[in-house]
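Colleague: this is the structure alone, sequence omitted:
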DNA sequence: TCGTTGATGATACGAGCGTATCAATGCCGA
DNA sequence: TCGGCATTGATACGCTCGTATCATCAACGA
């Protein structure tokens, strides 16, 4: 066989090319030809590794989740150890909010995928997410830890608070991307609610 | 001239056909031909009233805003008069949350437009919204009134709270449409936060 | 009454899309 | 060494899209 190439590496190369296009010009512009050009390969190669367009789209999504996960982890690791649960929650949410170019691109791309599902709900069924609620459960755990540490009022329900914080952050993010609000103001609103949620140190 | 037809009525007929398609099959399926068929007119007529696709899209958006505004107003009117500011806020937010078919369709369609702007930011510039932040300002006013009535802690900032509640509701709505959460659970999360925000009666 | 003009219809065009087809290439096991 | 197969390339097909073109119809002002 010709130079035996690592399939997974090739798929990643192509999948990330798609993400790059989606982030800058939208998923609509991410035709198979465009993806091939962006990845520096032929159209046929894209077809070879992802038999169909849907496979390409769904196959690329995990690389996006990977990027976001790595970003959050890096922010948390930067807190020093052991970090206070409150600081972990704040860091994770602020990592999700679209403030710099990376987070803006991640969010824009996620929203593009969300729109794809809107248009064709059958796509959601085909996609077997590893765990779409992983972040929310992680936050729930950290909030419970914050309660144990006395940083959060004991009568709060960590699950509801985590769901609310994530929805708040996502909603703020959408308003930033939509141009309704600057990322600075969005951060201010998020911090306002976090400050009221947690007890003063 | 041939039967002088009311232009505005025709535009509305076509625009609402587009909204119907967008709500059910996505904005991607809303080609000019499909819109023409849905509206029961010829393709040429769609071109006649909206010279270009962009005009059709942007021209239809106000009808959607109208629908949402009417829905919110109806909910508020149903509260009796004069309604407590707190109840107005709750009713408005619950009207926005996608719980029944109407609110689901409205939200789905809004999100489809949002995705359109993602793909082509120049569209946002072409669209002169009457007031995209009208709802947020309305909520801010109601929250200030709630403070005056002692329903809301005096040290809260109504603007930040309004922004937060709207972002929370939008984020929850997206998770419902995305299939991550049922509308019942989303309502529960929203009510949880509203209950904690306002003083017990 | 008649020609001007607003309103509608039928059809064509070029581009981009996803997908399919048919070859070439080069490495490795037997 | 050689034949088969994994890998890559070039190109074609059929479809739908937005848009443009040309023709037709009906009413009102003069």
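Modeller: Great, that's in hand. The model shown is predicted, which means the values in this text are computed figures rather than measured ones.

Colleague: close to chain B, is the least confident helix or strand in chain A by mean pLDDT?
Modeller: Least confident element among the helices and strands of chain A, by mean pLDDT, DSSP states H and E: helix A:122-126 (a mean of 82). Yes. Helix A:122-126 reaches chain B (C-beta under 8 Å from any C-beta of the partner chain) through residue A:124. Placement of C-beta: from N, CA and C, glycine included.

Colleague: what residues of whatever helix or strand comes next after that helix count as buried?
Modeller: Note on helix A:122-126: by DSSP states H and E, the next helix or strand toward the C-terminus is helix A:134-148. Buried residues in helix A:134-148, counted by 16 or more other C-beta atoms under 10 Å in any protein chain shown: A:135-136, A:138-140, A:142-147.

Colleague: which secondary structure elements does helix A:134-148 contact?
Modeller: On a contact count with 3 or more C-beta pairs under 8 Å, 6 or more residues apart in numbering or on different chains; DSSP states H and E, helix A:134-148 meets helix A:85-96, helix A:158-177.

Colleague: verify the stated contact: residue A:112 with residue A:29.
Modeller: No. Between residue A:112 and residue A:29 there is no contact under C-beta atoms under 8 Å: 9.9 Å.

Colleague: mutual contacts of the two, please.
Modeller: Common neighbours of residue A:112 and residue A:29 (criterion: C-beta atoms under 8 Å, 6 or more residues apart in numbering or on different chains): A:22, B:119.

Colleague: between these two, tell me which one has more neighbours.
Modeller: Comparing residue A:112 with residue A:29 by other C-beta atoms under 10 Å in any protein chain shown, the one with more neighbours is residue A:112, at 24 against 14.

Colleague: state whether that one is indeed within a helix.
Modeller: Yes. Checked against DSSP: H, G, I helix; E, B strand; the rest coil, residue A:112 lies within a helix.

Colleague: residues contacting it?
Modeller: Counting by C-beta under 8 Å, 6+ apart, residue A:112 makes contact with A:22, A:26-27, B:115, B:118-119.

Colleague: host element of the most centrally placed residue in chain A?
Modeller: For chain A, residue A:68 is the residue whose C-alpha lies nearest the centre (C-alpha atoms, centre = their mean; 4.4 Å). In this structure, residue A:68 sits in helix A:53-77 according to DSSP H and E.

Colleague: which elements pack onto the helix or strand hosting residue A:186?
Modeller: Using DSSP H and E, residue A:186 sits in helix A:183-197. Packing partners of helix A:183-197 (3+ C-beta pairs under 8 Å, 6+ apart): helix A:85-96, helix A:158-177, helix B:158-177.

Colleague: now the angle from that helix to helix A:134-148?
Modeller: 40 degrees (axes from the mean of the first three to the mean of the last three C-alpha atoms, to 10 degrees).

Colleague: thinking again about what came up before, which of the helices and strands packed on helix A:183-197 sits closest to residue A:53?
Modeller: For residue A:53, the closest of the helices and strands packed on helix A:183-197 is helix B:158-177, at 22.7 Å, according to C-beta to C-beta.

Colleague: show me what the closest one packs onto, helices and strands only.
Modeller: Counting by 3+ C-beta pairs under 8 Å, 6+ apart, helix B:158-177 packs on helix A:158-177, helix A:183-197, helix B:85-96, helix B:101-119, helix B:134-148, helix B:183-197.

Colleague: least reliable of these by average pLDDT, please.
Modeller: Across the helices and strands packed on helix B:158-177, helix B:101-119 has the smallest mean pLDDT, namely a mean of 93.

Colleague: who are the contact partners of the residue nearest to residue A:181 when sequence neighbours are not counted?
Modeller: The shortest distance from residue A:181 to any non-neighbouring residue, by C-beta to C-beta, 6 or more residues apart in numbering or on different chains, is to residue A:175 (4.6 Å). Neighbouring residues of residue A:175 by C-beta under 8 Å, 6+ apart: A:181, A:186, B:167, B:170.

Colleague: out of those residues, which are buried?
Modeller: A:181, A:186, B:167, B:170.

Colleague: and these as a markdown table, adding distance to DNA strand D?
Modeller: Converted to a markdown table, the buried ones among the contacts of residue A:175 look like this (distance: C-beta to the nearest atom of the strand, whole Å):
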| residue | distance to DNA strand D |
| --- | --- |
| A:181 | 30 |
| A:186 | 33 |
| B:167 | 32 |
| B:170 | 27 |
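
Colleague: which among the residues you listed gets closest to residue B:124?
Modeller: Each of the buried ones among the contacts of residue A:175 was checked against residue B:124 using C-beta to C-beta; the closest is residue A:181, at 13.4 Å.

Colleague: ok, the closest one touching residue A:172?
Modeller: Yes. In this structure, residue A:181 is within contact of residue A:172 by C-beta under 8 Å, at 7.3 Å.

Colleague: okay, and the common contacts of these two?
Modeller: Joint contacts of residue A:181 and residue A:172 (C-beta under 8 Å, 6+ apart) are A:189, B:163.

Colleague: let me see the contact set for the nearest residue to residue A:26 once chain neighbours are set aside.
Modeller: With sequence-adjacent residues excluded and distances taken as C-beta to C-beta, 6+ apart, residue A:26 is closest to residue B:119, at 3.0 Å. Residue B:119 makes contact with A:25-29, A:112, according to C-beta under 8 Å, 6+ apart.

Colleague: so is the helix or strand residue A:20 falls within next to DNA strand D?
Modeller: Here residue A:20 sits within helix A:7-25, counting by DSSP H and E. Yes. With C-beta under 7 Å from any atom of the strand as the criterion, DNA strand D is reached by helix A:7-25 at A:7, A:10.

Colleague: now the helices and strands packed on helix A:134-148 in TSV, with distance to residue B:45?
Modeller: Output for the helices and strands packed on helix A:134-148, formatted as TSV (distance: least, C-beta to C-beta, whole Å):
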stretch	distance to residue B:45
helix A:85-96	46
helix A:158-177	35
